[in-house]
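Asks: Kindly return the folded structure for what I paste below:
(2 chains)
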Amino acid sequence: MLALVAPMSALGLTHYALGSLARHRSRAITLVLGLSLLAFAFASVFAVTDALRGVAMRAAKTLPDLTISRLHAGRPATMTTAQVSEIQAIAGVGGVRPRVWGYLEIDSIRATAVVVGATAPELARHAGPVLDGRLPTDPGARGWVVLGESVARTFGSRAGDELDLGGRTFRVAARCTPESSLLSADLLLMDPHDARALLHMAPDEVTDLAVHVPNEAERGTVAAHVQARWPTLRIAAREELARAYELTFSGRGGLVGLALVPALLALLLLAWDRLTSLGPDDRREVAVLKSLGWSTRALIYLRMIESALIAVAAMVLATLAAHGYVYVLGAPGLRDVMLGWTSLAPQMQLAPSGQGASTVAITLVVIGPWLVASLVPAWRAAMIDPAEVLRG
Amino acid sequence: MISLGTAVALLAMVSWDAHRRTQVAVQASGRLQGFARIAGCELALYGGARWLRHPLRSEPRAYGHDGPSVPDIDPGGAIIRPTRLHRFRVARAR
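Replies: You can find the predicted model right below:
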């Protein structure tokens, strides 16, 4: 807007607008507080959504290129290792890793845990930094379990304790550190043989296959080949999971944000009313300025600059408050609404995704409509006939 | 001018803090990559809601059901926790 007027005029108008806001201090403060409160609410929702999306996107990078599972009667079902060697032989496939995992209802803590089969050497090699305890050194060792962060917290178990799970006794070899909570909260990691026994799976049964295809261009071909050879298998690409998460968190954020729209409309209505109902002093000011030679366009710019200054002040306040509320305090209250309640809740530190999405979003959702809503009142105020007002 | 300077300084501090937090999160996720390959990279936000704990693996074509204006087929986690009475009834039923 300032680009439409000469630089010196823009500076002069801004200076005059600041003076005008100072003269109408109470009105300006009310509008800044109202707008910043609303922008803060939107910014907080967007910031939590952005943080969750960032976490999911970073985690999704570790997904297998293709995840293959079997469908039976339209439902996911376990599969055997029969296809492993055949899939491994397909041109372009770098590796196939059969995975054993499933859900276990634990009555004593009234929670559903995720049982994952992994050998002790595998865990030691890949997960060592996030485990607190000692894994068995014997690759064939059985009867050990690594507890996820929230499961360990809920049970109050430490490394070396014994734990009854599904009618079997396990020795707690290690527990996952709080740093891994977002991934490990509800996990029970154990030897694949124990995992199969606990999940009532046959010795050659697996839950799904993680397929690595090094060349991105060949993933579609490999997926099509597998699908044509085994129509009952379902192939999911990494990008599809990333998209599912993106939509899930954006959808949740959108629903909570939608609840704030009536508040936004109410504020805009209030602002419209405040800006259009000019008092005698305001009308006189406009009349005097016009009689001094100010054009209607300059008066419209003046009011728009006033609105823009209010918007900038509100946005600065909202950004500061939302940052403190979400990232420093951890969004108490809002976090529960956004994430929902769960019995094995992970501990997590919210952090920005680094895309600046929330700042752009509040500008579009709150500040944009505010500036548009103040345009017509500015035009109406500038259209006052000075002679009529000055004559009284 | 003082207000403007203060606002700019505060925004710069917030921007720096946001950048620092992002870097810490990126480094932490880097440390978790090996673990995620073994244990799965899905977020443990919704323990009981299988569709959201393992969006692709637990519900056939879950990603196909999801999209703009498509309602959640299995919204995970309750907005409010179950009441004590509910937990008592569940416990008694068991």
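Asks: Alongside chain B, which residues does the stretch 151-300 of chain A contribute?
Replies: For the stretch 151-300 of chain A, the residues in contact with chain B (C-beta under 8 Å from any C-beta of the partner chain) are A:176, A:179-187, A:189, A:207-208, A:234, A:236, A:240-241, A:243-245, A:247-248, A:251. For every residue, glycine as well, the C-beta is placed using N, CA and C.
Asks: ok, 10 Å please
Replies: A:151, A:176-177, A:179-187, A:189, A:207-208, A:210, A:234, A:236-252, A:254-256 (C-beta under 10 Å from any C-beta of the partner chain).
Asks: Below-threshold pLDDT in chain B: ranges please.
Replies: Within chain B, the stretches with pLDDT under 70 are B:47-52, B:55-82, B:86-87, B:90-91, B:93-94.
Asks: could you point out the longest helix in it?
Replies: Secondary structure of chain B per DSSP state H: the longest helix is helix B:2-31.
Asks: Buried ones in that helix, by neighbour count?
Replies: Residues of helix B:2-31 classed as buried under the neighbour-count rule (16 or more other C-beta atoms under 10 Å in any protein chain shown) are B:Ala7, B:Leu11, B:Val14, B:Ala18, B:Arg21, B:Thr22, B:Ala25, B:Ala28, B:Ser29.
Asks: Stretch A:87-98 now?
Replies: Across stretch A:87-98, burial judged by 16+ other C-beta under 10 Å covers A:Ile87, A:Ile90, A:Val93, A:Val96, A:Pro98.
Asks: what about burial for the residues of the stretch 151-300 of chain A next to chain B, which qualify?
Replies: So, by 16+ other C-beta under 10 Å, the buried ones in these are A:151, A:176-177, A:179-187, A:189, A:207-208, A:210, A:234, A:236-238, A:240-245, A:247-252, A:256.
Asks: Number of residues surrounding the residue nearest to B:Val26 when sequence neighbours are not counted?
Replies: Distances taken as C-beta to C-beta, 6 or more residues apart in numbering or on different chains put A:Arg58 closest to B:Val26, at 6.8 Å, once the chain neighbours are dropped. Residues within reach of A:Arg58, counting by other C-beta atoms under 10 Å in any protein chain shown, total 21.
Asks: hang on, isn't A:Arg58 packed against A:Ser353?
Replies: Yes: using C-beta atoms under 10 Å, A:Arg58 is in contact with A:Ser353, at 8.4 Å.
Asks: Got the phi and psi for residue 41?
Replies: Answering for chain A, as no chain was given. The phi and psi values for A:Ala41, taken as degrees, to the nearest 10, are phi -60, psi -50.
Asks: I was after chain B.
Replies: phi -100, psi 0.
Asks: Ok, the one 3 residues further on next?
Replies: For B:Ala44, the backbone dihedrals (degrees, to the nearest 10) come out as phi -90, psi 50.
Asks: Contacts only, for it.
Replies: Counting by C-beta atoms under 10 Å, 6 or more residues apart in numbering or on different chains, B:Ala44 makes contact with A:113-114, A:148-151, A:180-187, A:342, A:344-346, A:348, B:53.
Asks: run the last query once more with 7 Å
Replies: The neighbours of B:Ala44, taking C-beta atoms under 7 Å, 6 or more residues apart in numbering or on different chains as the test, are A:Leu182, A:Leu183, A:Ser184, A:Ala185, A:Asp186, A:Pro346, B:Arg53.
Asks: Which of those residues fall within helices?
Replies: Counting by DSSP H, the part of the contacts of B:Ala44 found in helices is A:Leu182, A:Leu183, A:Ser184, B:Arg53.
Asks: what's the distance between the second one and A:Pro98?
Replies: When C-beta to C-beta, to the nearest Å is the yardstick, A:Leu183 and A:Pro98 sit 21 Å from each other.
Asks: And for A:Arg25?
Replies: Here the criterion is C-beta to C-beta. By it, A:Arg25 lies 70 Å from A:Pro98.
Asks: close enough to count as contact, A:Gly354 and B:Thr22?
Replies: Yes: counting by C-beta atoms under 7 Å, B:Thr22 is a contact partner of A:Gly354 at 4.1 Å.
Asks: Does A:Gly293 belong to a helix, a strand or coil?
Replies: coil (DSSP: H, G, I helix; E, B strand; the rest coil).
Asks: I'd like to know how far it sits from chain B.
Replies: 29 Å (C-beta to the nearest C-beta, to the nearest Å).
Asks: ok so, going back, which among the contacts of B:Ala44 gets closest to A:Leu131?
Replies: Comparing these against A:Leu131 with C-beta to C-beta picks out A:Ser184 as the nearest, at 9.4 Å.
Asks: Now do the same for the closest one: its pLDDT.
Replies: What the model reports as pLDDT for A:Ser184 is 89.
Asks: same check, this time on the one 5 residues further on
Replies: For A:Leu189, the pLDDT comes out at 94.
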